[in-house]
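Undergrad: A predicted structure for the sequence below; I have some questions about it.
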Amino acid sequence: MKKTLYWHDPSVTDIVKAALEKNSVSITSTDTILGLLAPLTQQAFDALNALKGARDKKPYLVIIGSLENLDKFVDRSAVAPRAQAMLEQCWPGPLTVIFKAKKDLPSFMVSADGTIAIRCPQHKGLLNILKYFDGLFSTSANRSGRPTPRSIGDLDQQLASQIELGIVDQEQQVVHAPPSTIIDVTDPKRAVVVREGAYPVEMLKKFF
């Protein structure tokens with residue numbers, strides 16, 4: 001990794017925005033685990049695949065800056081009212097939600113079964129960046145099948161050597177948070193918890 005920046009730096013938003021506009025992949029701290037951040041383009045998707053390794057065509061999570069931006073990716077009229085209420089209460093936060101994707105989205109953004117995973121992070125730096133984009137790709141900062149790093153120092157060196165920018169909240173930051181909880185709401189009659197993580201599942205049960 002060629003350069004490490006800090007989210008509290010006033011210039012960091014402009015620097016990261018410029019890098020993303022050039023299809024660059026960055027490593028960033030988030031409100032959960034360390035992640036790779038990239039724009040929603042075919043070039044950036046291919047770059048993520050090269051960094052991550054074999055993923056069996058598994059799509060990447062999309063992060064958005066507000067609930068309103070969900071309309072870019074999902075037909076909100078097809079989302080159950082209970083799921084809508086959950087989003088309004090739980091976002092921003094460490095909750096990833098799987099939806100049926102809009103039909104006109106590029107194939108590299110959507111799973112083979114036509115779904116898309118979306119999250120609105122509770123992280124000031126990321127939300128500042130997301131003001132300039134409909135959404136961004138986000139995925140754990142590790143090679144596929146390898147442990148998720150808890151700090152910049154734990155990064156796979158082969159992966160890190162191919163990254164221009166790293167952006168963290170503080171020097172020598174160690175991440176203790178688990179990854180986000182994942183819930184599938186593609187069936188309007190039934191929600192399915194795919195992974196228990198940082199968002200307490202008990203707090204989601206009232207919506208379903």
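TA: Noted; the coordinates are in hand.
Undergrad: low pLDDT regions in this protein?
TA: By pLDDT under 70, the low-scoring segments of the chain are 172.
Undergrad: grab the most central residue of it for me.
TA: residue 138 (3.3 Å; CA atoms, centre = their mean).
Undergrad: that residue should be in a strand, yeah?
TA: Yes - according to DSSP: H, G, I helix; E, B strand; the rest coil, residue 138 belongs to a strand.
Undergrad: beta partners of it?
TA: Using DSSP bridges, the beta-bridge partners of residue 138 come out as residue 37, residue 61.
Undergrad: which parts of this protein are helices?
TA: For the chain, applying DSSP state H gives helices covering 12-21, 42-52, 81-90, 124-130, 157-160.
Undergrad: mind checking which of these is nearest residue 107?
TA: Closest to residue 107 of the helices of the chain is helix 42-52 (CB to CB; 9.2 Å). Just so you know, the C-beta spots here come from the backbone N, C-alpha and C atoms, and that holds for glycine as well.
Undergrad: angle of that closest one against helix 12-21?
TA: In terms of direction (axes from the mean of the first three to the mean of the last three CA atoms, to 10 degrees), helix 42-52 departs from helix 12-21 by 100 degrees.
Undergrad: coming back round to it: just send the helices of the chain back as JSON lines, with distance to residue 196 and mean neighbour count too.
TA: Below are the helices of the chain laid out as JSON lines (distance: least, CB to CB, whole Å; neighbours: other CB atoms under 10 Å):
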{"stretch": "helix 12-21", "distance to residue 196": "31", "mean neighbour count": "16"}
{"stretch": "helix 42-52", "distance to residue 196": "23", "mean neighbour count": "17"}
{"stretch": "helix 81-90", "distance to residue 196": "14", "mean neighbour count": "15"}
{"stretch": "helix 124-130", "distance to residue 196": "23", "mean neighbour count": "20"}
{"stretch": "helix 157-160", "distance to residue 196": "27", "mean neighbour count": "14"}
